[in-house]
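Q: take this sequence and fold it.
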Amino acid sequence: MLNTDINSPSFVIRDGMLDRLKQVPTFQSVKRWSTAPSMRVQSQMDANQIPFIGCYLLEETLGPDGDPNHSEPRFIHTVKVGFSVIITCPDEAVAEQNLDSAYWTIMRQLENPRWHKFPANGNWNLGEPLRIESVTRGSRKHQFGNKMISNEMPLAELIMDLTFVYRSSFPPWPLDDLNRIHVDVYYPWPYDPNLYEPFTVEYDLPIEGEFTVNDYSTLPPDWQNSKPTLTVF
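A: Alright, predicted model coming up:
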């Protein structure tokens, strides 16, 4: 499992999509999987590497999430992930039908209720799954021809992409812990400053958690020399 302390969420998402495609029964005959653009690998292909499927991180843009100067840096990521499916077939009609089947198989991955979640380790996301918020666009085209040096096989390629949106934030680290609080107490109520002096209660917080203070009405008679009980749970 990838670690978000050293790998970006976009890389984790791309890698997760490729791993899921490898589990699809339709693609069990694929002989080569790649994360490099197909134009780069076609010249090195031979019949033993086809069918071929590639999954690529094509482009990523970041925009502000909310007002850019009101908090830690927060971004809305727009990530374009590309897919390439290459087959060989002398009949263009059959090849096109197979490419369309591959396209629809990839699209129907979105039917899975967990398609938008991608597990990743690391403190950056505290081990929580990465979540895609939406799919904003997509495109596809079919390409026929042969870019191989051998020029021996008629190739057909599906080229498609999907654009996903997710969010990230970068709060300062380490965070400042709340270790001690001071509370000015004015008692009893209604408070008369001519009769009573306020006093300060100091609490040390040795552990993390939510806390409550007992109602001042429960204080003992010597409340001026006592501190309210702090309950941590």
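Q: low-scoring stretches of the protein, by residue?
A: Along the chain, segments meeting pLDDT under 70 span 37-45, 146-152, 173-179, 205-233.
Q: what sits opposite the spatially most central residue of the chain in the beta ladder?
A: Central residue of the chain (C-alpha atoms, centre = their mean): residue 130, 2.9 Å from the mean position. Judged by DSSP bridges, the bridge partners of residue 130 are residue 118.
Q: quickly find the element holding the closest residue to residue 2 other than its chain neighbours.
A: Spatial nearest neighbour of residue 2, excluding adjacent residues (C-beta to C-beta, 6 or more residues apart in numbering): residue 12 at 4.8 Å. For the C-beta atoms, the positions are set from N, CA and C on the backbone; glycine is no exception. If you go by DSSP states H and E, residue 12 is part of helix 9-22.
Q: may I see the buried residues of that helix?
A: 9-18, 20-21 (16 or more other C-beta atoms under 10 Å).
Q: okay if I get those residues as JSON lines plus distance to residue 184?
A: JSON lines is the format used below for those (distance: C-beta to C-beta, whole Å):
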{"residue": "9", "distance to residue 184": "45"}
{"residue": "10", "distance to residue 184": "50"}
{"residue": "11", "distance to residue 184": "51"}
{"residue": "12", "distance to residue 184": "49"}
{"residue": "13", "distance to residue 184": "51"}
{"residue": "14", "distance to residue 184": "55"}
{"residue": "15", "distance to residue 184": "55"}
{"residue": "16", "distance to residue 184": "53"}
{"residue": "17", "distance to residue 184": "57"}
{"residue": "18", "distance to residue 184": "60"}
{"residue": "20", "distance to residue 184": "58"}
{"residue": "21", "distance to residue 184": "63"}
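Q: returning to that earlier point: distance of the residue nearest to the centre of the chain relative to residue 163?
A: To residue 163, residue 130 is 16 Å away according to C-beta to C-beta, to the nearest Å.
Q: do the same with residue 121
A: Residue 121 is 26 Å from residue 163, by C-beta to C-beta.
Q: the nearest residue in space to residue 86 that is not next to it in sequence - how many residues pack around it?
A: Excluding the flanking residues, the one nearest residue 86 by C-beta to C-beta, 6+ apart is residue 52, at 4.1 Å. Residue 52 has 21 neighbours, counted by other C-beta atoms under 10 Å.
Q: wait, which of the buried residues of helix 9-22 is closest to residue 57?
A: Distance to residue 57 across the buried residues of helix 9-22 (C-beta to C-beta) is lowest for residue 14, with 4.6 Å.
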